[in-house]
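J.: Predicted model and sequence follow; I will ask about them next.
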Number of protein chains: 2
Amino acid sequence: MTIPDREAVAVTVGQVNGFRASGAAGGLRKQGGLDVALVTSDRPCVGAGVFTRNRVKAAPVLLNMRRLEENPAGIRAVVANAGNANAATGQQGMAYAEATAAFVAEKLGCAPEDVLVLSTGVIGQQLNMEALKRGIEGTLDAAPDWEAAARAIMTTDTRPKLASVSVETPTGNYTIAGIAKGAGMIAPNMATMLGVIVTDAVLTPQQAQAGLQAANAISFNRIVVDGDMSTNDTVLLLANGASEVTLSNETDEMNFRLALSQLCIHLAKALVRDGEGATKFVTLLVTGAPDDASAQTIANTIARSPLVKTAFYGSDANWGRILAATGYAGVPIDPENMRVSIQSGEQPDGNGYVLYDRGVPHSDEVQAAAIMQSPSICVTVDCGVGHGEALVWTCDLSHDYISINADYRT
Amino acid sequence: MTIPDREAVAVTVGQVNGFRASGAAGGLRKQGGLDVALVTSDRPCVGAGVFTRNRVKAAPVLLNMRRLEENPAGIRAVVANAGNANAATGQQGMAYAEATAAFVAEKLGCAPEDVLVLSTGVIGQQLNMEALKRGIEGTLDAAPDWEAAARAIMTTDTRPKLASVSVETPTGNYTIAGIAKGAGMIAPNMATMLGVIVTDAVLTPQQAQAGLQAANAISFNRIVVDGDMSTNDTVLLLANGASEVTLSNETDEMNFRLALSQLCIHLAKALVRDGEGATKFVTLLVTGAPDDASAQTIANTIARSPLVKTAFYGSDANWGRILAATGYAGVPIDPENMRVSIQSGEQPDGNGYVLYDRGVPHSDEVQAAAIMQSPSICVTVDCGVGHGEALVWTCDLSHDYISINADYRT
């Protein structure tokens, strides 16, 4: 498990050769504001995608899966809307997703098959197509603006998420840039999250798909807000080749994956930081599990535990709840050989303050509470049985999460 | 899946031949009040138990498992304390659990092996043995009082849970009575829950254990508050035979199990009703799953979803979240053939108000909201693929849950 540094990632997106992004207000959200984003390329792109594993998949998810399979090198645009997830909407919902793509295609002068569609928002209501078309027209009239596009896909997000990274190579430079939205319903595999990533590198469909999957595995699949998995989760990657920089050997591919991973990690952590009601950013490292997959299961179980999450909210170093969650993860562990430690910050370095060490509580409540007051906390749980490791990023469970989700539709 | 009626269950416990229960204040809880309960029998009992499946088991859980295996027909007492779970306390914790039993045994004039021990409260702190012994002495001095015993095991419970049921047979009558505590950390298999059930029927160890397991499977294992599984969950059954009524044939055994199940269901539902911060009692029936086990998995997944639970809290008929949770339960289902309906009350009868029917949203928001305002709601989810069924009882996720658990130790 190698998590690359994120030093080279910028939190803004400038020009990416051949791409254009904009946002507009079509009237799909009750509260108003930007709600339609359009990302286009002046030439066909290689496209790749990773999608929710939820068995209830929204219409645009099913549409994109089909399109990327049939047309992986001819993508021209991604249109995204907030306010309505177009999920659990049956055949009518699929017809609307197709009509959305067709409307964009007509405006751009390409085929409907060249357009991908993203939706986020309430489940189970049919799209207001009039508002959506108005929004699409608005994006075409609007000035290019990646931040506006990032804002237009926000739901309960409180701020837009953007990132970009430049990669220098002997044969030239290329850029990777992306926008994402998250907030609630965030779980591994993946989240109510949408991400659109673009690059002007030259990628084959295989390079794009494999690279996106690898980056996704160590970024968006490592975040937990509430453990609910959405019907719409999608991350798309479009590569238009405008830089003319190819990935011609293993080193090139490795550098691309590293940069893409940096970008995705940056966006993934930004989603957790802006998790619904989140007041704490928690880096959870599980070590000493029987294997990496078991470690991941334990980490996800801890990160989803309401009792652990409310303890974080209360700045309570309640390691007993962490032990209990570890114990019910379904993985063989040895409570008498476990260790739990905490430290402030985002980078566990093995020098945390030990709360529980092989059957013996060690906690000085005052010292522990001081660490727990920090807005960023690392928790290391050593299971004491093997060499499996996993790292997840999560947040606390606060009053605001309840308020946001009890009132979301009203 | 047969859930027996609960018509015969009383919410009080009177005299049960040969048993004595009392509660006292030893000073184990910061907030004061009753914190030690003692249930004794004037003769040896057949004992049975069901225990947490958490791999981190509290010392008293391990002690009771051993005692019931070695001494299943010689149990004389159960001593229980609140305020401290004696979990994750290592060898010292086990020594304290054994010392607690020995202290009670000395007072009663029996062997330490005849005494079972229950603890609930904070994890990871060593017991205050002085306070516990003071409490035990208090219970011996106190007047017999089942309600005091039920109060003495409360943690974040707001009210004591008691129940009793009488069984008439051709050869005489016997009684089954019990106390329980729950509140948070409630999940199937099982809960932060303690239960002590007594009967004056004559049971063999096999009849006691098999009966308890069968009753537990359709009661305490069907409730979800927050999905956290505790380190201490235990339900004990003691049968002292004082009524001299034996279970001498299959009908007798069936009637005993039915009565025991009624009692356990009553107590289990009482735990959900008093779940931490609960404002709604939700009966969730999953039908049409590939098999019963799959149905149970789906029901548990829905019942644990923070988004579903907050929607209940907000009286929001957000069936999309129910669909989404069903979709990520890991069971093959057919979203286009699913149905979701709701009705008020606790008994789903197939005439619920349909929110989603095979790909088509049906919800009249006003009518749906009126049902969701009810303090008791039934949700029926038909998965549309098979004949598997499961029923769970759960509650909503409210602001008070957050307050209770963010502040529990402070």
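T.: Thanks, I have the structure now.
J.: wait, isn't residue A:154 in contact with residue A:83?
T.: No. In this structure residue A:154 lies outside contact range of residue A:83 using C-beta atoms under 8 Å: 10.2 Å. C-beta: built from backbone N, CA, C; applies to glycine.
J.: which stretch of helix or strand covers residue A:133?
T.: helix A:129-141 (DSSP states H and E).
J.: Mind listing what's buried along that helix?
T.: Neighbour counts over helix A:129-141 (16 or more other C-beta atoms under 10 Å in any protein chain shown) mark A:131-139 as buried.
J.: I'd like to know which helix or strand in chain A has the lowest mean pLDDT.
T.: Ranked by mean pLDDT, DSSP states H and E, the helix or strand of chain A with the weakest confidence is strand A:190-191, at a mean of 38.
J.: Can you tell me the closest non-neighbouring residue to the residue of the stretch 251-400 of chain A found nearest chain B?
T.: Chain B sits closest to residue A:320 of the stretch 251-400 of chain A, with a gap of 2.5 Å, by C-beta to the nearest C-beta. Leaving aside its sequence neighbours, residue A:320 sits nearest to residue B:123 (C-beta to C-beta, 6 or more residues apart in numbering or on different chains; 2.5 Å).
J.: Quick check, pLDDT for that neighbour.
T.: The confidence metric pLDDT takes the value 83 at residue B:123.
J.: Correct me if wrong: it contacts residue B:83.
T.: No. Judged on C-beta under 8 Å, residue B:123 makes no contact with residue B:83 at a distance of 11.9 Å.
J.: More neighbours: these two, which one.
T.: Taking other C-beta atoms under 10 Å in any protein chain shown, residue B:123 and residue B:83 do not tie; residue B:123 has more neighbours (29 against 26).
J.: what residue ranges in chain A score low on pLDDT?
T.: Applying pLDDT under 70 to chain A picks out residues A:1-7, A:183-192, A:225-229, A:363, A:407-410.
J.: any idea which helix is longest in it?
T.: Determined from DSSP state H, the single longest helix within chain A is helix A:250-273.
J.: What helices and strands are in contact with that one?
T.: On a contact count with 3 or more C-beta pairs under 8 Å, 6 or more residues apart in numbering or on different chains; DSSP states H and E, helix A:250-273 meets strand A:161-169, strand A:172-181, strand A:194-199, helix A:205-217, strand A:223-224, strand A:281-289, strand A:388-395.
J.: could I get these as JSON lines with mean neighbour count and distance to residue B:307?
T.: Output for the helices and strands packed on helix A:250-273, formatted as JSON lines (neighbours: other C-beta atoms under 10 Å in any protein chain shown; distance: least, C-beta to C-beta, whole Å):
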{"stretch": "strand A:161-169", "mean neighbour count": "20", "distance to residue B:307": "21"}
{"stretch": "strand A:172-181", "mean neighbour count": "24", "distance to residue B:307": "16"}
{"stretch": "strand A:194-199", "mean neighbour count": "29", "distance to residue B:307": "17"}
{"stretch": "helix A:205-217", "mean neighbour count": "20", "distance to residue B:307": "23"}
{"stretch": "strand A:223-224", "mean neighbour count": "26", "distance to residue B:307": "13"}
{"stretch": "strand A:281-289", "mean neighbour count": "23", "distance to residue B:307": "20"}
{"stretch": "strand A:388-395", "mean neighbour count": "23", "distance to residue B:307": "15"}
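J.: my guess is residue A:264 meets residue A:223, correct?
T.: No. Residue A:264 lies out of contact with residue A:223 (C-beta under 8 Å); the separation is 10.4 Å.
J.: what are the ranges of the helices in chain A?
T.: So, for chain A - with DSSP H - the helices run A:59-70, A:90-108, A:129-141, A:146-152, A:205-217, A:250-273, A:292-304, A:306-313, A:319-327, A:365-372, A:399-406.
J.: now those helices in JSON lines, with distance to residue A:52?
T.: Shown next, in JSON lines, are these (distance: least, C-beta to C-beta, whole Å):
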{"stretch": "helix A:59-70", "distance to residue A:52": "6"}
{"stretch": "helix A:90-108", "distance to residue A:52": "15"}
{"stretch": "helix A:129-141", "distance to residue A:52": "21"}
{"stretch": "helix A:146-152", "distance to residue A:52": "21"}
{"stretch": "helix A:205-217", "distance to residue A:52": "12"}
{"stretch": "helix A:250-273", "distance to residue A:52": "15"}
{"stretch": "helix A:292-304", "distance to residue A:52": "16"}
{"stretch": "helix A:306-313", "distance to residue A:52": "22"}
{"stretch": "helix A:319-327", "distance to residue A:52": "24"}
{"stretch": "helix A:365-372", "distance to residue A:52": "33"}
{"stretch": "helix A:399-406", "distance to residue A:52": "19"}
